[in-house]
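# Have a look; sequence and predicted model below, questions after that.
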Amino acid sequence: MAEYIEKEDMTRQKGFVLKIKELNNRFAQEKGRVPLVKTETYGCQQNENDTERIRGILKDAGFEFCDTEEEADIVIYNTCAVRENAEQKVFGRLGILKHMKESRPDMIIGLCGCMVQQKHITEKIRKIHKHVDLVFGTHALYKLPELLYKAMTKNNKRSVVDIEDSAGKIAEDIPILRDDNKKAWVSVMYGCNNFCSYCIVPYVRGRERSRTSGAIIKEIKSLVENGCSEISLLGQNVNSYGKDLDEDIDFAKLIRMVNEIEGVKRIRFMTSHPKDLSDDLIDAIAECENVCKQLHLPVQAGNNRVLEQMNRKYTREDYLKKIDKVKKKIPDISLSTDIIVGFPTETKEEFEDTLDIIRRVEYDNIFSFIYSRREGTPAAKLDFVLSEDEIHENFNRLLEVQNEISKRKNDAYVGRIEKILVDGESKNDKNMLSGRTDSSKIVNFKGSKELAGKYVKVKITQAHTWSLNGEFVEECI
Ligand code: SF4
């Protein structure tokens, strides 16, 4: 059973929120403006969701937000440990912030998230990046008011650091500030028990802890009351949801409960581990009207020896059998996956099995990554068979194969009328609106800006590899 942060500890944090508010009032009197915070998120949706909590806490404490470090009194980077380049980006930014802090010594620099949960990184920050004032791990997020207050009032140059070990308790009722009031991520569980050999997540986010269904439903109902209609349920492996709870619940039951909430129009979820994808869940996706017919099922590799070395606990045959079941039950399912290219020990022949599985499944979309060595994981000790050039060549071949499939799948949409939730202006063309289909495909079309946040029908007129173009038909009632 997951443990919760005690009520007294949460109340104690509220006390620090009041203390920060006092400091902020004094700041406003002196400078004639409220203090500004710049937050930046690296990595996955779980981090995005954590940043929403960080912003919720800061908003409560009287801060406002800005877009650049130059304007900011406080900078907080929510970091990622999954790939090396995300860490390099953060260290690069810290170099720039060092110069800014030389001319603005009152500026507070904070780092949090998975990257700083690794001891060798915290040591590096302590030794080399002494201008960082605040470092807190994924489990200490609820303590931000206390830690920030200490950082704001300290009179020495030492960083305030709180990197708890991975035991991890669940903190409910942290305020959340979401930018989008139509769509929301809702965490259903935290951590992971799987220990895939390449992955750092279980070490930095700890073991699986599920929130009670009551807490999740309460959060979703309150989101709906505030106008939200698309809910994405979030967890490192949502298919294990509920295993650690005393209630009679699993993920299939949970999404059936969410499906019953009036006002919820779309339910998405991620991420699913293939070994835990149950028949009950496939049935629930098929039967629940509001659950999007979309499944992200990371396969990572198509060769059994590589899968075993990755500690994925399924074979390509198991995986393909599940995909067959899904396709039979839900013929219009949109499938996506994650692929790691260049896993150590993978040979050229073994990589062909990955291409083969992609051709067989015919995913709508794949998220492919070149393997990134993570210190402390079992795979970090393995040797490479392929050279860097060969790995890049495989990566490009993978994209070529998938691009052809994605385009073909998108071509099939031309002529269809699709229901879109309009996000707003298209990122690439300000004269167009952009939104997503039930299957999560991006659709760009011309229409009034007032349609943002609404469900509309769009006729698909043109297919590209990664998006669709369409013509506005009508607003959905
Ligand atoms: S399932 Fe594997 S890849 Fe996913 S978070 Fe857990 S250990 Fe990492």
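Done, it's in.
# quick one, domains of this protein?
7-162, 183-411, 417-475 (automatic domain parsing).
# The second one: how far from the chain's middle?
Just to be clear, that refers to domain 183-411. 12 Å (C-alpha atoms, centre = their mean, to the nearest Å).
# Compute the first-to-last residue distance for that domain.
In domain 183-411, first residue to last residue: 27 Å (C-alpha to C-alpha, to the nearest Å).
# Next to the ligand, which bits of this structure? Give me the list.
192, 194, 195, 196, 199, 201, 202, 236, 237, 273 (C-beta under 6 Å from any ligand atom). Glycine gets a C-beta too; all of them are placed from N, C-alpha and C.
# ok, now with 8 Å
192-196, 198-202, 205, 236-237, 271, 273, 298, 300, 311-312 (C-beta under 8 Å from any ligand atom).
# List buried residues within those residues.
By neighbour count, with 16 or more other C-beta atoms under 10 Å, those hold 192, 194, 196, 198-202, 205, 236-237, 271, 273, 298, 300, 312 as buried.
# Quick check: which ranges of the stretch 151-300 of the chain have low pLDDT?
Along the stretch 151-300 of the chain, segments meeting pLDDT under 70 span 165-167.
# Could you list the buried residues of stretch 176-194?
176-178, 182-192, 194.
# Could you identify the most distant pair in the residues you listed?
182 and 194 (32.5 Å; C-beta to C-beta).
# As CSV, the domains of the chain with distance to residue 169 would be great.
Formatted as CSV, these follow (distance: least, C-beta to C-beta, whole Å):
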stretch, distance to residue 169
domain 7-162, 7
domain 183-411, 8
domain 417-475, 33
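# Can you give me the neighbour number for the closest residue to residue 309 other than its chain neighbours?
Nearest residue to residue 309 in three dimensions, chain neighbours excluded: residue 345, at 6.0 Å (C-beta to C-beta, 6 or more residues apart in numbering). The local packing of residue 345 (other C-beta atoms under 10 Å) involves 15 other residues.
# residue contacts, residue 345?
306, 309, 382, 383, 384, 385 (C-beta atoms under 8 Å, 6 or more residues apart in numbering).
# buried ones in the helix or strand that contains the first one?
In this case it means residue 306. Element membership of residue 306, judged by DSSP states H and E, is helix 304-309. Of the residues in helix 304-309, those buried by neighbour count under the rule 16+ other C-beta under 10 Å are 304, 306, 307, 309.
# Helix, strand, or coil at residue 144?
Following DSSP: H, G, I helix; E, B strand; the rest coil, the label given to residue 144 is helix.
# Okay, and the closest residue to the ligand within the stretch 301-450 of the chain sits in which element?
Per C-beta to the nearest ligand atom, residue 312 is where the stretch 301-450 of the chain lies closest to the ligand, at 7.5 Å. Counting by DSSP H and E, no helix or strand carries residue 312.
# Surely it and residue 297 touch.
No. Counting by C-beta atoms under 8 Å, residue 312 does not reach residue 297; the two are 11.7 Å apart.
# quick one: residue 259 and residue 286 touch, right?
No. Checked against C-beta under 8 Å, the pair residue 259 and residue 286 is beyond contact range at 11.8 Å.
# Tell me the predicted confidence for the residue of the stretch 1-150 of the chain found nearest the ligand.
Distances between the stretch 1-150 of the chain and the ligand by C-beta to the nearest ligand atom are smallest at residue 82, namely 8.1 Å. Residue 82 is assigned 90 on the pLDDT scale.
# Let the chain start at 18 from now.
Sounds good: first residue 18 from here, last item residue 99.
# and it, how many residues sit next to it?
Neighbours of residue 99 using other C-beta under 10 Å come to 21.
# what do you get for the one 10 residues further on?
By other C-beta under 10 Å, the residues close to residue 109 number 10.
# Just the strands from the stretch 218-367 of the chain, written as ranges.
Taking DSSP state E, counting those that start in this stretch, the strands of the stretch 218-367 of the chain run over residues 226-227, 247-251, 283-287, 311-313, 351-358.
# Make JSON lines out of those and add mean neighbour count.
Output for those, formatted as JSON lines (neighbours: other C-beta atoms under 10 Å):
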{"stretch": "strand 226-227", "mean neighbour count": "24"}
{"stretch": "strand 247-251", "mean neighbour count": "21"}
{"stretch": "strand 283-287", "mean neighbour count": "22"}
{"stretch": "strand 311-313", "mean neighbour count": "23"}
{"stretch": "strand 351-358", "mean neighbour count": "21"}
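# is it possible to export the ones you listed to JSON lines including distance to residue 483?
JSON lines is the format used below for those (distance: least, C-beta to C-beta, whole Å):
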{"stretch": "strand 226-227", "distance to residue 483": "34"}
{"stretch": "strand 247-251", "distance to residue 483": "20"}
{"stretch": "strand 283-287", "distance to residue 483": "18"}
{"stretch": "strand 311-313", "distance to residue 483": "16"}
{"stretch": "strand 351-358", "distance to residue 483": "12"}
